[in-house]
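Student: pasting the structure only:
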């Protein structure tokens with residue numbers, strides 16, 4: 001897992017999905033990117049952030 005952020009308040013996590021076919025080797029199947037962006041004027045009953053998830 002890697003965490004990243006930038007100057008406008010957005011941040012996210014990169015999760016690497018691995019497969020271990022045997023004890024000594026692993027293969028990377030892909031990466032899941034979770035991005036979190038702040039909402040400038042959030043609704044009173046809602047979240048202050050917008051979330052998105054992408055598989056690469």
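Tutor: Arrived safely. This one's a predicted model, so the numbers in the text were calculated from it and none came from an experiment. Residues are numbered from 1 along each chain as shown.

Student: tell me which element residue 36 falls in.
Tutor: For residue 36, the enclosing helix or strand under DSSP states H and E is strand 25-38.

Student: elements contacting the very next helix or strand once past that strand?
Tutor: Using DSSP H and E, the helix or strand that directly follows strand 25-38 along the chain is strand 49-55. Counting contacts by 3 or more CB pairs under 8 Å, 6 or more residues apart in numbering; DSSP states H and E, strand 49-55 packs against strand 25-38. The C-beta positions use only the backbone N, C-alpha and C, and glycine is treated the same way.

Student: beta-bridge partners for the residue nearest the centre of the chain, please?
Tutor: Closest to where the C-alpha atoms of the chain average out (CA atoms, centre = their mean) is residue 34, at 1.9 Å. Beta-bridge pairing for residue 34 (DSSP bridges): residue 13, residue 53.

Student: go ahead and confirm it touches residue 50.
Tutor: No. At 11.7 Å, residue 34 and residue 50 do not qualify as touching, with contact defined as CB atoms under 8 Å.

Student: per-residue confidence for residue 42?
Tutor: What the model reports as pLDDT for residue 42 is 87.

Student: now residue 21: closest residue in space that isn't a chain neighbour?
Tutor: residue 27 (6.8 Å; CB to CB, 6 or more residues apart in numbering).

Student: wait, what's in contact with that neighbour?
Tutor: By CB atoms under 8 Å, 6 or more residues apart in numbering, the contact list for residue 27 reads 18, 19, 20, 21.
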